[in-house]
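Chemist: Just the structure for this:
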Amino acid sequence: MHSHRGRWERAKYIILRKNLTHLARVAQEIKNIGLYDLVLQDVQKIADKTNVEENEILEIMQKNPQILEDYKQINVEYNLSNIHLRDIDMSLIAEKCKEKAKKVNENLSLLREIEKYTLDFEQSSTLVIIFSIEFFVLFSVQYFIVLLNLKEWQILIYSIFASSIAVAWWYGKKEQKKYIENAKIFYEKYDETLAMIDILEKEGCIEKSDLIIEECEEHV
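Modeler: Modelled structure (predicted):
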């Protein structure tokens, strides 16, 4: 029993130090929130049993990083943040720590704002919208040509459709570039923020554990 608790405490320590996502919360949500049922099924396959405890899910995540990545992707798709830390309360911070703490808060705000760009562009809502518009344009083309008997105008109409495809391709490439650039910024700021939080904690300015958001309001 003591050994089991020891492993759990060490795991929590690693979680707090190296992630802005609180993995203990992740394990709890995978086990109990229906949104993550597919992730839970993968965990159950790895564990080779249906009833898995939160500490078992945590251990499986650490050995199988894809579990955590799948959880994060679901959150991004549903506009839920994987940043499980609240902003530092500046009123509780010593003067010597305020500059770094302010920077951490700015970083956290930016990370939440551009987190959506960590999703693969091919799986993003932006690409879905582009395809939906093109499908609508194609439907409209067929409507005008066939149902309205505008066959004499079909070359012009198809030319317009071809132009819309070119515009969609250009816009898609532009958005894809935005995803790549913002994803790069996200991961750079992510590492920077972790490092700054570690420094603030070592200097006695904060306790990272005090910043953890234990549960998602959308799930309550």
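Chemist: if I look at the nearest residue to residue 182 once chain neighbours are set aside, how far off is residue 187?
Modeler: Among residues not flanking residue 182 along the chain, residue 117 sits closest, at 3.6 Å (C-beta to C-beta, 6 or more residues apart in numbering). Yep, even glycine has a C-beta here, placed from its N, CA and C like the rest. In this view, residue 117 and residue 187 are 10 Å apart by C-beta to C-beta, to the nearest Å.
Chemist: which one of these two has more residues nearby?
Modeler: Using other C-beta atoms under 10 Å as the criterion, residue 117 and residue 187 rank with residue 117 on top: 20 against 12.
Chemist: Wasn't the more buried one part of a helix?
Modeler: Yes: with DSSP: H, G, I helix; E, B strand; the rest coil as the criterion, residue 117 is part of a helix.
Chemist: Am I right that it is in contact with residue 178?
Modeler: Yes: at 7.1 Å, residue 117 counts as touching residue 178 under the criterion of C-beta atoms under 8 Å.
Chemist: The residue most central in space within the chain: which element?
Modeler: Residue closest to the average C-alpha location in the chain (C-alpha atoms, centre = their mean): residue 76, at 3.6 Å. Assessed by DSSP states H and E, residue 76 sits inside helix 65-77.
Chemist: Kindly list the longest helix within the chain.
Modeler: The residue-count maximum for a helix in the chain (DSSP state H) belongs to helix 154-202.
Chemist: Pull the distance from it to the chain's centre.
Modeler: In terms of C-alpha atoms, centre = their mean, to the nearest Å, the centre of helix 154-202 is found 14 Å from the chain centre.
Chemist: other SSEs contacting it?
Modeler: Here helix 154-202 touches helix 98-114, helix 125-142, helix 208-211, going by 3 or more C-beta pairs under 8 Å, 6 or more residues apart in numbering; DSSP states H and E.
Chemist: And the average pLDDT for the last one is what?
Modeler: Rounded to a whole number, the mean pLDDT of helix 208-211 is 91.
Chemist: Buried residues in it, which are they?
Modeler: For helix 208-211, the neighbour count (16 or more other C-beta atoms under 10 Å) marks 208, 211 as buried.
Chemist: for the first one, same thing?
Modeler: Residues of helix 98-114 classed as buried: 100, 101, 104, 105, 107, 108, 110, 111, 114 (neighbour count, 16+ other C-beta under 10 Å).
Chemist: Low-confidence bits of the protein, can you list those?
Modeler: Regions of the chain meeting the criterion pLDDT under 70 cover residues 1-18, 121-164, 219-220.
Chemist: distance of residue 209 from residue 42?
Modeler: As judged by C-beta to C-beta, residue 209 and residue 42 stand 29 Å apart.
Chemist: Let me fix that, I meant to ask about residue 100.
Modeler: Going from residue 100 to residue 42 by C-beta to C-beta gives 39 Å.
Chemist: same thing with residue 169?
Modeler: Shown here: residue 169 relative to residue 42, a distance of 35 Å by C-beta to C-beta.
Chemist: out of those two, which sits in the more crowded spot?
Modeler: Between residue 169 and residue 42, counted using other C-beta under 10 Å, the more crowded position is residue 42 (16 against 12).
Chemist: which non-adjacent residue is nearest the more buried one?
Modeler: residue 67 is the one closest to residue 42 (C-beta to C-beta, 6+ apart), at 6.3 Å.
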